[in-house]
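1. got a structure for you, letters missing:
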Ligand SMILES: Nc1nc2c(c(=O)[nH]1)N[C@H]1C(S)=C(S)[C@@H](COP(=O)(O)OP(=O)(O)OC[C@H]3O[C@@H](n4cnc5c(N)ncnc54)[C@H](O)[C@@H]3O)O[C@H]1N2
Ligand code: MOO
């Protein structure tokens, strides 16, 4: 640990302003070395220097239509009624050198793209000509008809018609593309026409990514929940964000919470990259010591910024073996914090270094659906979802502003960003925003399109299938009770409930189904579980659902009547169940615990037991209803959901599921 004691821990007393963080990052040198890349790899790169045309394009006078190369003056006065008749003296196709010239009174058949023969100054499109013999009015103008071909020209052309002159596209020596030009397929077209094979481009800043934490495991490797291991998120989000911002990402091995190891790996990354980005170890714990590495092996410019999330970020420089310096930014370990800091502070600087234009930001005005309290004196980036209450084909109902709702599940939840469309920046001085207040949402990118349907409530396998059939729905599995509460607040388009709903809510029933629930047990039910009584009376390891789940409500009701029947106390019955407090959020989780040997009995659905090839002890049938916000039934996505419900396809093959139709 390099002798770090508790008293050395970082204290965040003075937080820098976001402006100071921007300035610190702007002071870093991020630009990569210019390089030369083959034309085939040039797309998206930025020209390092001006490209002048090394030759004329085209390099010769070129026919731009199929027809006859002529001397324009031979066609003067010709029209449909009075054609000029010329002798065809030969032909020339693209890629051939002409072997004839066009003398007065003659023409040469020519293909689009072919070299204009000597003497010719215009092309007559083949559609405006005929074989003269077919015309039957030879007027003797063609003297040379040795090959028998006489062509009637039924139009007058001017010199230059249907001819692209040498250098007309671009002339040798002209300025073709300027430095800083971003190479798209269009610029690559011009470079190809000029015959440029290797393109001088700006170097992409190379960014070394070092994730810290003993708990990190790469996707693809096995994970031990017991040891608190998690899959590494930041290495991958930051690497893809680096590439998106025009940098070139290099993943380094994980480094544990160990000072020497951090020092070694950060120094290596500094030697090899323009910028080193670490994640984790930025905060106040005894193992958060990365700032000491930067202090010792470089220069720490800043630690701690008044933003939320992302407060403990670091900015600095790292010394290199060759005497130079690399830029350094330390991101917090929490994935939402890390990505927010990257997007807000680092991405703009990387783009500039890579020569990419500022990305277009798209801002949408909306109204907050629920009040928002804040008051930490930090600039808050609140992840939010957008919902157009009027749907995807009409304009928004009400006053025309979409609803804005927070989807923040905390800085450690990766779904916080996936379920959001953008962020609202809340000023440090603002500590309260009322529901209905106007806010500006900065979309994550200009092409973000809000969902067409917002649903909340129970999670259920049939519902998942229904959602798959809709266009861009968003569903927040918050459970039945919370779903009903949100529907009452008027936010979602629909709420999906399971089991009886205790508090009434004004809603339009769109339809539903029933599902059989009970106890999921290992295959062939080795413990011979018969029902809930076994859970109470025997030593069986149980896995429950969270109290917001409809299945949990059903279970509680069942335990209550069982307790009544046997004249025991309900609490006593619950206490007797080993693992009653071990709750899972998703409908399959308890069954998965049974499949994995971590539980003997799990609360679940017959369909899940069948799917996972487990045993099942039925307890009851539960009703699932899809309830629409009464003001949104006209919304196209709600109407589509209603007809999908009526079609019943979502129930096919789900064991224990039955249709109940609309009500
Ligand atoms: N006593 C205090 N505790 C904390 C403070 C504070 O001021 N006082 N600040 C909090 C804030 S704010 C943040 S943000 C975090 C920052 O923590 P660290 O940067 O030190 O990061 P870790 O402790 O290593 O990890 C935090 C969290 O994130 C997970 N993590 C880390 N790396 C990854 C990764 N690559 N992929 C996925 N998840 C990752 C890690 O397991 C932890 O759960 O500190 C607060 N604490
Ligand atoms: O600043 Mo931390 O990033 O609040 O979550």
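-> Sure thing, it's come through. Nothing here was measured: the structure is a model prediction, and the numbers come from that model. Ligands and ions are numbered 1, 2, ... in the order given.
2. going forward, measure contacts and count neighbours with C-alpha atoms only.
-> Fine.
3. state the phi and psi torsions of the closest residue in space to residue 322 that isn't next to it in sequence.
-> In this structure, residue 322 finds its nearest non-sequential neighbour in residue 271, 7.6 Å apart by CA to CA, 6 or more residues apart in numbering. For residue 271, the backbone dihedrals (degrees, to the nearest 10) come out as phi -60, psi -30.
4. buried set for stretch 524-544?
-> Judged by neighbour count (16 or more other CA atoms under 10 Å), stretch 524-544 contains these buried residues: 525, 529, 532, 535-536, 540-544.
5. and the residues you listed, which of them are in helices?
-> 532, 535-536 (DSSP state H).
6. now do stretch 212-231: distance to the chain's middle.
-> 25 Å (CA atoms, centre = their mean, to the nearest Å).
7. so which bits of that stretch are buried?
-> For stretch 212-231, by 16+ other CA under 10 Å, it's 212-213, 215-217, 223, 230.
8. again with stretch 197-211
-> Across stretch 197-211, burial judged by 16+ other CA under 10 Å covers 199-211.
9. now do stretch 24-43
-> For stretch 24-43, by 16+ other CA under 10 Å, it's 24-26, 28-32, 34, 36-37, 39, 42-43.
10. how about stretch 647-654?
-> Quick answer for stretch 647-654 (16+ other CA under 10 Å): 648, 650-651, 654.
11. which non-adjacent residue is nearest whichever residue of the stretch 51-200 of the chain sits closest to ligand 1?
-> For the stretch 51-200 of the chain and ligand 1, the shortest gap (CA to the nearest ligand atom) falls at residue 182, measuring 32.4 Å. Closest residue to residue 182 apart from its sequence neighbours, by CA to CA, 6+ apart: residue 46 at 4.4 Å.
12. which of the ones in helices among the buried residues of stretch 524-544 lies closest to residue 246?
-> Taking CA to CA as the measure, residue 535 is the one of those closest to residue 246, at 58.0 Å.
13. any idea how far residue 609 is from the closest one?
-> 18 Å (CA to CA, to the nearest Å).
14. same question, residue 247
-> The value you get for residue 247 to residue 609, if CA to CA is used, is 47 Å.
15. then residue 414?
-> Residue 414 is 29 Å from residue 609, by CA to CA.
16. which of the two has more neighbours?
-> A count of neighbours by other CA atoms under 10 Å puts residue 609 above the other of residue 414 and residue 609, at 27 against 15.
17. start and end of stretch 33-47, how far apart?
-> End-to-end span of stretch 33-47 (CA to CA): 13 Å.
18. other residues contacting it?
-> Stretch 33-47 has contacts (CA atoms under 8 Å, 6 or more residues apart in numbering) with 48, 178-185, 188, 191-192, 196-205, 354-356.
19. taking the residues you listed one by one, which sit in strands?
-> 198-203 (DSSP state E).
20. enumerate the residues of the stretch 351-500 of the chain near ligand 2.
-> Residues of the stretch 351-500 of the chain lying near ligand 2 by CA under 6 Å from any ligand atom: residue 411.
21. does residue 497 touch residue 483 like I think?
-> Yes - here residue 497 reaches residue 483: they are 7.3 Å apart, a contact under CA atoms under 8 Å.
22. list residues touching both of those two?
-> 457-458.
23. how much space between residue 63 and residue 121?
-> Taking CA to CA, one finds residue 63 at 10 Å from residue 121.
24. which residues are in contact with both of these two?
-> Joint contacts of residue 63 and residue 121 (CA under 8 Å, 6+ apart) are 69, 163.
25. up against ligand 1, what does the stretch 251-400 of the chain have?
-> Within reach of ligand 1 by CA under 6 Å from any ligand atom, the stretch 251-400 of the chain has these residues: 279-284, 288, 310-311, 332-335, 337.
26. where do the helices sit along the stretch 51-200 of the chain?
-> Here the stretch 51-200 of the chain has its helices, by DSSP state H, counting those that start in this stretch, at 132-135, 185-193.
27. okay, those helices in JSON lines with mean pLDDT and distance to ligand 1 next?
-> Shown next, in JSON lines, are those (pLDDT from 0 to 100; distance: least, CA to the nearest ligand atom, whole Å):
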{"stretch": "helix 132-135", "mean pLDDT": "66", "distance to ligand 1": "80"}
{"stretch": "helix 185-193", "mean pLDDT": "97", "distance to ligand 1": "36"}
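28. all set now, cheers.
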